[in-house]
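Trainee: next comes the sequence, and after it the predicted model I'd like to discuss.
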Amino acid sequence: MAAVLKKQTTIPPHVVFLPYAMTSHITPLVHIARLFAYHGLRVTIITTPHNALIFQSSIDNDRCLVPGCNISVQTLKFPSYEMGLPDGVENFSACPSLEIAGKVHYGFFVLLQKPMEQLIRNLKPQCIVSDMFFPWTIDLAEELNIPRFSFQTANFFFQCVWHCLREYAPHEKVALDSDDQSFLIPGLPHEIKMKLSEIEDFFFEDNFSRQTYKAVREAELRSQGIIHNTCSELEPEYVDIYENIRGVKGWHVGPTFLFINELEKSQNSNPTCFDDPWKKCGDCLNWLEDQEPNSVLFVCFGSSVRFSNDQLKEIALALNAAKCPFILVAKEQGNKNQLEEKDDNNYGDWWQLDSFKELVVNNKRCFIVKGWAPQVLILEHRAIGGFLTHCGWNSVLEALTMGIPLITWPLFAEQFYNQKLLVLLGLAIEVGSDVWNSGFIVSSPVVSREKIELAIERLMYDSEERKKIRANAKLMAEKVKSSAEEGGSSHSHLIALIEEIKHCATFNSST
Ligand code: UDP
């Protein structure tokens, strides 16, 4: 069980937090903000109104339930009008196309910079904790002579592979016409192979993403340090390697949700609502109550993935053919370029397939969640036996903490690296996707129903392979949970980080 952090009484330094426009970035950073506040720091989270809705109720709860908890949210109007966007489109999960996501990014990255700077100046904080995607916060921190910490959502393994790709460029030596175009990543303690199709486009061209990551890296090197949502119990070899190449001090405090879960349980507050912007928890948990232990496959692809209708049909057919019960989280697909009225058609017509409809209508062995699922609560349920995931790092951490083995279907961002780590640790079966997408709109080749069904069979049906993966997952859960206990790596780093901020504030006020 994670150790509940004990509140201390000191003159609290004021820390401002700047989360980015993605739920998967907002959630863990807000967790850290809440842990800081619980631990006696004064905290202000700066965001836009619709993103604030994701976590406002948790902040209100903390203010009510945790004596002396000094945390608040300040919102700045998102420049929707200037970007030609309707009200409320401020987060990637509300974007039906990459073009619209690009506008949301521009709104945050460029148009909100001045108002954010002004607000931070007015607040006069002693420290800035900024999402990595706001590299400009380092200039402001230097001007105000306060420390800036960068928040990175991903793991060390991925950072190490990235480093080796940059350093040794093994991908540049692969013949483009070789059969599977796979290559070994040099400089790592394990034999990790990747395909050219699995790595990001910016390793081959100098594009906007490469420029963005360059700015992120430069800002990090001038920062007080980097905060990571991972733990050394999970990837011990890579902590040490990354420590040597990072170039700046680092703290790992993950899985952040684990601390928060324990905190909320100790307060007797309702942990169901955190992470859950639309707060629809009920029915699928009731349905799970009627299922056998470890029997249900949970199928969810994060907060923003949008598959083609053809791909959704293959998923539906595979789930129909596989014989295990499942929960499928269906997201609105929308029109590729427009923001439409919301109706059932926005989910695509895959669920109208005759065979699948029969399953859904009779609610026999499946439960469809349309929209937002209470993922952490679902994964925590004893009936869940596997998770078909796109390998978003938050989803991976949540599953590993609960001891759930995975079927990996990486799609974009650093998800292919996450898959390599999971396979290396013996925690997952690959579905067989091998083409990286430049964003959450999936345009990679359709993965066939046969491949999906085979992966489900391997993970969910009794076999030696399943037994081994399940045993590994249980063992990993123990290790990950121990990281948040007193003496565990993440617990120690969290305390050390808070002390560092207090120390910087004291030092700055005395000079
Ligand atoms: N999530 C959820 N319900 C959903 C979809 C996602 O609670 O229906 C949460 C999930 O628990 C995780 C986050 O949203 O905390 C998704 O983050 P991840 O890094 O896995 O993927 P991304 O959203 O970046 O693709």
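Mentor: Ah, there it is. Numbering: from 1, shown residues only.

Trainee: neighbours of residue 174, how many?
Mentor: Residue 174: 15 surrounding residues under other Cβ atoms under 10 Å. The way it works is simple: take the backbone N, C-alpha and C, and place the C-beta from them, glycine included.

Trainee: what residues of the helix or strand where residue 320 lies count as buried?
Mentor: Assigned by DSSP states H and E, residue 320 belongs to helix 309-321. Residues of helix 309-321 classed as buried by neighbour count (16 or more other Cβ atoms under 10 Å): 311, 312, 313, 314, 315, 316, 317, 318, 319, 320.

Trainee: and the next helix or strand after that helix, how far from the chain's centre?
Mentor: Following helix 309-321 in sequence order, the next helix or strand is strand 326-330 (DSSP H and E). Counting by Cα atoms, centre = their mean, to the nearest Å, strand 326-330 is centred 19 Å from the centre of its parent chain.

Trainee: now strand 326-330: average pLDDT?
Mentor: Averaging pLDDT along strand 326-330 gives 93.

Trainee: partners of it, with directions?
Mentor: Partners of strand 326-330 in the sheet, by DSSP bridges, are strand 296-300 (parallel), strand 366-370 (parallel).

Trainee: between that strand and helix 309-321, how many degrees?
Mentor: 170 degrees (axes from the mean of the first three to the mean of the last three Cα atoms, to 10 degrees).

Trainee: outside of strand 326-330, which residues touch it?
Mentor: Strand 326-330 is contacted from outside by 284, 287-288, 296-301, 315, 319, 347, 351, 365-373, 375, 378, using Cβ atoms under 8 Å, 6 or more residues apart in numbering.

Trainee: now do the helices in the stretch 201-350 of the chain.
Mentor: Using DSSP state H, counting those that start in this stretch, the helices of the stretch 201-350 of the chain run over 208-221, 236-245, 256-267, 282-289, 309-321.

Trainee: helices and strands around the shortest one, which ones?
Mentor: The elements that helix 282-289 packs onto, with contact taken as 3 or more Cβ pairs under 8 Å, 6 or more residues apart in numbering; DSSP states H and E, are strand 326-330, strand 366-370, helix 375-380.

Trainee: most packed of these?
Mentor: Among these, ranked by average contacts under mean count of other Cβ atoms under 10 Å, first place goes to strand 326-330 (a mean of 23).

Trainee: how about that one and the ligand, touching?
Mentor: Yes - remark: strand 326-330 sits within contact range of the ligand at residue 329, by Cβ under 6 Å from any ligand atom.

Trainee: and that strand with helix 282-289, angle?
Mentor: Here strand 326-330 points in a direction 160 degrees away from that of helix 282-289 (the same axes, to 10 degrees).

Trainee: could I get the helix holding residue 320 in CSV with only the CA atoms?
Mentor: Presented in CSV, the C-alpha positions along helix 309-321 are these (Å, rounded to 0.1, in the frame of the first residue of the first chain):
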residue,chain,number,x,y,z
ASN,A,309,-14.3,2.8,-39.6
ASP,A,310,-12.6,-0.2,-41.4
GLN,A,311,-10.3,-0.7,-38.4
LEU,A,312,-13.2,-0.4,-35.9
LYS,A,313,-15.0,-3.1,-37.9
GLU,A,314,-12.0,-5.5,-37.6
ILE,A,315,-11.9,-4.8,-33.9
ALA,A,316,-15.6,-5.5,-33.6
LEU,A,317,-15.3,-8.8,-35.6
ALA,A,318,-12.3,-10.0,-33.6
LEU,A,319,-14.1,-9.3,-30.3
ASN,A,320,-17.1,-11.1,-31.6
ALA,A,321,-15.1,-14.1,-32.7
